[in-house]
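>>> below is the structure, and that's it, no one-letter string:
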């Protein structure tokens, strides 16, 4: 009987986790418009992407693109090539994130991912980049 109760709790917890995701997926996407990145914006993006790399000094940045939504949130997609743990370059990898302009603080970039998943999300948002 305890196994059935635990299974019931497990199913209920799973439903609570999945329902908000399903409900959110039903919402229409927020329209985003292309926006230019300033030099300080690009510097912040490069600085903060480097923090996620195994060999930050080896980073070679490719193109980056940005879109802003109605709330003013700036979404960024870009490409970077850097050395891995073995010392070899990985080839251009996609990254994505949100550009932050906090009041009275320096511009920052919150990385939301790197790799194939980022490439897919960027393409879905109309910000596809070719390595």
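That came in fine, so what should we check first? All figures in this text were calculated on a predicted structure; none of them were measured in a lab.
>>> which residues of this protein score low on pLDDT?
When the per-residue scores of the chain are filtered using pLDDT under 70, the ranges that remain are 1-29.
>>> quick one: residues contacting residue 89.
When contacts are counted by C-beta atoms under 8 Å, 6 or more residues apart in numbering, residue 89 touches 58, 60, 81, 82, 83. C-betas here are computed from N, CA, C, even on glycine.
>>> for residue 80, give me phi and psi.
Note on residue 80: its backbone torsions stand at phi -140, psi 140 [degrees, to the nearest 10].
>>> so residue 41: helix, strand or coil?
At residue 41, secondary structure determined by DSSP: H, G, I helix; E, B strand; the rest coil is helix.
>>> thought it was touching residue 107?
Yes. Judged on C-beta atoms under 8 Å, residue 41 makes contact with residue 107 at a distance of 5.9 Å.
>>> overlap in contacts, these two.
Applying C-beta under 8 Å, 6+ apart, one finds that residue 41 and residue 107 are jointly contacted by residue 99.
>>> quick check: longest strand of the protein.
In the chain, taking DSSP state E as the definition, the longest strand is strand 60-69.
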